[in-house]
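Student: Give the three-dimensional model of this entry:
(2 chains)
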Amino acid sequence: MPTVPTALAARFEEAVGQYLEAAAPMRSTMRDALLGQAEALFRSDEGLGVLYGVSLDLALSGFFDGTPWEHLDRLDPALLPGTLVAGHPHSTWECLSTLRILRASESPDPPGPWDQESYRQFVERGLVESFHLLGEQPDEAGRAVSDRELQKARRLLRFVMDRLPGERVRQHLVQHVDELAVQRPILVDTIVQQLELLRDRYGPSAEGRFGLPEMEAGTADTRTSDADRLLQQYLQAAFGVGPDATPSGPTPDVGDAQRAATFGALLTETGLVSPGHAALVRRLAHRAAKDDAALEQLAVAMALDESGRLQLRTHRELACTLIMQAVHPGTEQAVYGLARLLERDLLSREAVRAGLAQFSSLRPNADAERTLKRAAEARGLHLDPLPYLLSGTLQVLGHPLGIRQGKNPTCQSARGMSLWSLHAPGKLLNLILTAVRSNSLEFRFEGQLLDSAKLRNGSAPAFDLVLDPVSALLVPHLDCIYNEMMQRAALRGQDPHQWVNPAFYGQWVASGFASAVDPVTNSVPDFMEFVRTLYATHHPEVSGGMGLLYTNPVGLFVTNDRAQLLGFHAISLLRVAVHHGVYRAYFYNPNAQGEQNWGQGIRPTVRGNGERPGESSLPFSEFAARLYAFHYNRATADSEAAKEHPDLPVVERLARDSWGRKYLWPAPAPKPLP
Amino acid sequence: MARCYALLGWSLPVIESAQKLGKPFVVVSFDGFKGYAAENDIPFVSWDFDSWGDQSNSLLLKEQLDAFGADVAIPLFEETVEWAGALNSIYRDDPRVLNRAFLFRNKAMMKRKALLGGLRVGLFEEVHSVDQVRDFYQRLNEAELHLPGEATHWLHCKPFDAAGTVGHVLIREESDIDVKLKDVKFPLLAESHLAGYEFSTEAFIHAGKVRYVNITEYVRLGHSNFVPCGPQLEAKRHIIEREIQKLVDVFGIEYGMIHPEWFLNDKDEIAFGEVACRIPGGHILDLFSRAFDIDALQAFILCHDPNATEEELKAILPEPGAKPVRYVGSLMVYPDRGHITDLDVPDELVEDPYFASHTLTPPVGAQKIAEREGFGNHFGTVYFEGEDPDRMRELLRHYEEVSFYV
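Tutor: Next comes the predicted model:
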């Protein structure tokens, strides 16, 4: 760690003094030099202490005026990790801003617009959002972020953490992990990494200031102890249950039954598979082909429900082979994938069985193999491509709502994979097998064959391989094909999705298509008809309780926390249902990372409102207010039926005041709601 | 004491120093600054220094300034020197004040005047075409008794009125003439290369007397310098001051601050390079202020004021012979590669006890570096402070070689 000489600290404090005395309009020239000194001080703990000492005075003097950090209410803690590693001067500004908020949070009567609790919550949320920076970064070796910047960010986070009440921080962090984990994502790297950090800092054996209390029966039922119990559970699920978790050999073990039960319970609660758990599953699978007791233990270790157990018994040999082929160090989560796959009864489908069986005799294309290797390496794993791909295949088939687009702008492809897994798993398997054999994919579009190997129009030039293996393999091809289809349908004067979606996702996509906006005139031709059609075809109160037969690939306006339009996003509407008296839309969002804030109080949730793992949800009216296109069955589209629905004016107001500000509306806006 | 200073040109640090001086002032600058000035209660007159004619001349400007009671004009930038000269001619009722301003704005006239006054200058000529440059080059080498096969004598071409090194072309050999002067605008001043060590001085003049001379040591021209100079150059102060007084006398300078550049050879002979009468680049006055804990910008303003008292001047400038509180250096950083993506300030730098601050910011995205114009557009500055001028020089030399942009 660099040592900053006291001379610099003294010079900085002197310069701050001069700055504070200078006439306000003249300070801007002094600010650059102060910022340069702050950048240097940011490189050491002592320096951070100095910055911390003056941060609030600087802030109160208007140091942040004219910068994005000027208005506290416009700051978003979710942006903290990004700016912290964005390099000077951004990181220096963010550092000073964080320190002044921390400083304010320590006063019972803080200056500025917020009370102490608001300051505290902001810092705590910022810390939670940035917590992952404390762990090894996937792109650390690739120098996407300079090592020095990362060290600076970590130093600041530790500095902040040391000054916050430990219990609250722990609570927040555990809740954050839980929020990620309840979605049952395919990639759990982030979750495991955060748990490692939590274990090192708060785990029972760590020397952290806040040693985690041992789990005890009858602990006082406070929120804190709930959080600690939850943390304990996650730590056990991710890292194993004590020293006897991984016996040395494949010999039958009297403890296996007990361990299977414990692991199974943890799997149900967390969706995480520890190395010890995976080893147990392999051991049991090895014996289970012939040993009924082992098979039953395997079912327990995989926490299978009745239908899963039945599938396991029926397809005993194939299931055990898949475990032996797919579950290795680094691919432990395949256990969870297979468990869900069994519970989805997918092995009863001939196409799925046939497809999975082909992995045994597969001859991969060299380029496809290289892609898979690189994808594993991007996650810090060194794995054989085929077992790695198989593990991902089990997961994509088992929990399709856990597919994520990563850092790539390829929400359509991620959505496609989840749709196929839900409605046409055979098709998905066929795509996987084709891509790995030939490193290309073929799709038909309006009678013509599109071959991804001959198309060079992927939208993701710097493709991020931190993805599950199936996505890493398929998405580059899917993205080319999707973009080609969009290009071919681009100049028809209407939203090309109405032709592309059925061709790309599947012919079950309904032919009725409604779009809120006309991209040619940049206008909203008839928003109320759009909303009425949506309600008539999708809202149970109007549609007579019809459920969705198929997942609907729909388009959303993405807005930020101030309801400003950021862009368009492809998601799938999965179902509409009542929860606590409110109709909610449940949808799959390929970039869901947890709670999001879309402005106007619209915050999609991932738990607590009847969501199934991997689903996001919103009250139906709020969902409608961010929707820009959807498909519907023309036979059910009686928009007249929806015209009295009380939601309609609310939806219009929300739409006009958010993304609607970027479009022309034909009629004057209605009066604001009372 | 002046009633009101007219500050010609927009400079926040100067405005701040003027405010601290506690005397009335008015800022004259382009219309674009008007809003900012109004918002911050800065007395302001909009003026387009680039246009001159019936609708824009010093009499009209004076009329506007009369409302503020201005009676001293102070040029802050090269382009405002004539305007200040014109106004001060009126204020002091002395037409030669304007003529003197022209001396600063025409490098050929400046040289000729210096030559007439007995200052040591190179061989020079005003040139109007590439052919004239070639002729000059041949006459120069002829006079230097150049023999075939020997290295030729260099010459410099510079625009008459550009600040510092803007538009400067160095001709090392005959073939440079066609290549380097291809797209250059004439007329130019052609001048033989002056050998020796280059440095600058900032001379504060009041009532025709040199009140204080700061000597700035150039470590590398346009890149790094420090204030005050080290003991080696300081030892030549008596020679330097003698030449400066000569310059002041020859040019008839009465009030203000001049920033002449000189060349010192190993026979202790000093040649005159050129002189400006505005705020010098390279953060020199900032460094000077910091080195002696004074406000050099206030001194700059006050020296322009014929009514400033001896006491005021004494209070604001260092005592002659005073030791500096510290040596202060600046390193202007230019990316040294054609293509840069990132800022990299080494730990070694910020850990150095001499490191004071930096204003480096990263490039916005990857970018190509344009050819530099003069020494104006650097990316940021690193400041150093310390007790030992030799260590200062060493550090500046060292960090010259470090790539801050990668």
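Student: And what about residue A:567, helix, strand or coil?
Tutor: With DSSP: H, G, I helix; E, B strand; the rest coil as the basis, residue A:567 sits in strand.
Student: which residue packs closest to it, ignoring adjacent ones?
Tutor: residue A:558 (5.3 Å; CB to CB, 6 or more residues apart in numbering or on different chains). All C-beta spots, glycine's among them, are computed from the backbone N, C-alpha and C.
Student: separation between that neighbour and residue B:56?
Tutor: The spacing between residue A:558 and residue B:56, counted by CB to CB, to the nearest Å, is 53 Å.
Student: Residue B:182 now?
Tutor: 35 Å.
Student: neighbour count winner among those two?
Tutor: Neighbour count, other CB atoms under 10 Å in any protein chain shown: between residue B:182 and residue B:56, residue B:56 has more, with 13 against 8.
Student: quick one, what contacts the nearest residue to that one once chain neighbours are set aside?
Tutor: Nearest non-adjacent residue to residue B:56, counting by CB to CB, 6+ apart: residue B:48, 6.3 Å away. By CB atoms under 8 Å, 6 or more residues apart in numbering or on different chains, residue B:48 lies in contact with B:30, B:31, B:56.
Student: returning to that earlier point: double-check that the residue nearest to residue A:567 belongs to a helix.
Tutor: No. Counting by three-state DSSP, one finds residue A:558 to be strand, located in no helix.
Student: Quick check: it touching residue A:570?
Tutor: No. Counting by CB atoms under 8 Å, residue A:558 stays clear of residue A:570, with 10.3 Å between them.
Student: neighbour count winner among these two?
Tutor: residue A:570 (24 against 19).
Student: pLDDT score for that one?
Tutor: Looking at residue A:570, its pLDDT is 91.
Student: Ramachandran angles for it?
Tutor: phi -90, psi 120 (degrees, to the nearest 10).
Student: Quick check: bridge partners of it?
Tutor: Residue A:570 forms beta bridges with residue A:555, as assigned by DSSP bridges.
Student: Now do the same contact list for it.
Tutor: Counted by CB under 8 Å, 6+ apart, residue A:570 has contacts A:411, A:412, A:415, A:553, A:554, A:555, A:556, A:590.
Student: what number of residues lie near the last one?
Tutor: In this case it means residue A:590. Based on other CB under 10 Å, the number of other residues close to residue A:590 is 24.
Student: And the second one, by the same measure?
Tutor: Neighbour count of residue A:412, defined by other CB under 10 Å: 28.
Student: who are the neighbours in contact with the closest residue to residue A:521 other than its chain neighbours?
Tutor: Closest residue to residue A:521 apart from its sequence neighbours, by CB to CB, 6+ apart: residue A:664 at 7.0 Å. By CB under 8 Å, 6+ apart, residue A:664 lies in contact with A:521, A:522, A:523, A:524.
Student: rerun that using 10 Å as the cut-off
Tutor: Going by CB atoms under 10 Å, 6 or more residues apart in numbering or on different chains, residue A:664 touches A:517, A:518, A:521, A:522, A:523, A:524, A:525.
Student: So it versus residue A:526, what's the distance?
Tutor: Applying CB to CB to residue A:664 and residue A:526 gives a distance of 13 Å.
Student: Many thanks, have a good one.
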